[in-house]
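*Asks:* kindly return the folded structure for what I paste below:
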Amino acid sequence: MKVSIAQFADAISKELSEFREEKIDNMKKIIDDVAKETTSDLKQTSPKRTGEYAKHWANKTVTESALKKNRVVYNRNPEYRLTHLLEKGHAKRGGGRVSAIPHIEPAYEKADKEIERRIKQI
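*Replies:* You can find the predicted model right below:
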């Protein structure tokens, strides 16, 4: 593609804009993919007594603009306090403690590293 000197700045600006949009779209896709993978991981690694807690993991987009996207992975279980009690442990009614079953923090750390790794690739 040949451009004149007068059009050179516009051509560079256009190419940089396309490059930026492509990279931002790729990063948004990575965020979507990692959120889905994290939801799947949590469904597999969550404590299972009845299986109800594990199957309620979901993810949704909280905010999205031209330059950023925020997704949250959450548990739709009506007993929303259960995630904290299972992750951190809690006191028993008659004394003693129920041991913690860490499953959210490892999934978060894995997702954080995976997003960073994939973004470095692009």
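
*Asks:* going by C-alpha atoms from here, please, whenever you check contacts or count neighbours.
*Replies:* Noted.

*Asks:* so where is this structure shaky, pLDDT-wise?
*Replies:* 1 (pLDDT under 70).

*Asks:* in it, which spans are helices?
*Replies:* 5-45, 52-55, 82-88, 104-121 (DSSP state H).

*Asks:* which strands and helices sit next to the first one?
*Replies:* So that's helix 5-45. helix 52-55, strand 57-64, strand 69-75, helix 104-121 (3 or more C-alpha pairs under 8 Å, 6 or more residues apart in numbering; DSSP states H and E).

*Asks:* ok, and the closest non-adjacent residue to Asn75?
*Replies:* In space, and not counting its chain neighbours, Asn75 is closest to Trp57: 4.4 Å by C-alpha to C-alpha, 6 or more residues apart in numbering.

*Asks:* number of nearby residues for the one you found?
*Replies:* 19 (other C-alpha atoms under 10 Å).

*Asks:* contacting residues around it?
*Replies:* Thr39, Ser40, Leu42, Lys43, Val73, Tyr74, Asn75, Arg76, Asn77 (C-alpha atoms under 8 Å, 6 or more residues apart in numbering).

*Asks:* quick check, nearest of the residues you listed to Ala100?
*Replies:* Leu42 (15.5 Å; C-alpha to C-alpha).

*Asks:* between the helices of the chain, which gets nearest to Lys68?
*Replies:* helix 5-45 (7.5 Å).

*Asks:* taking strand 69-75 as reference, get the angle to the closest one.
*Replies:* 0 degrees (axes from the mean of the first three to the mean of the last three C-alpha atoms, to 10 degrees).
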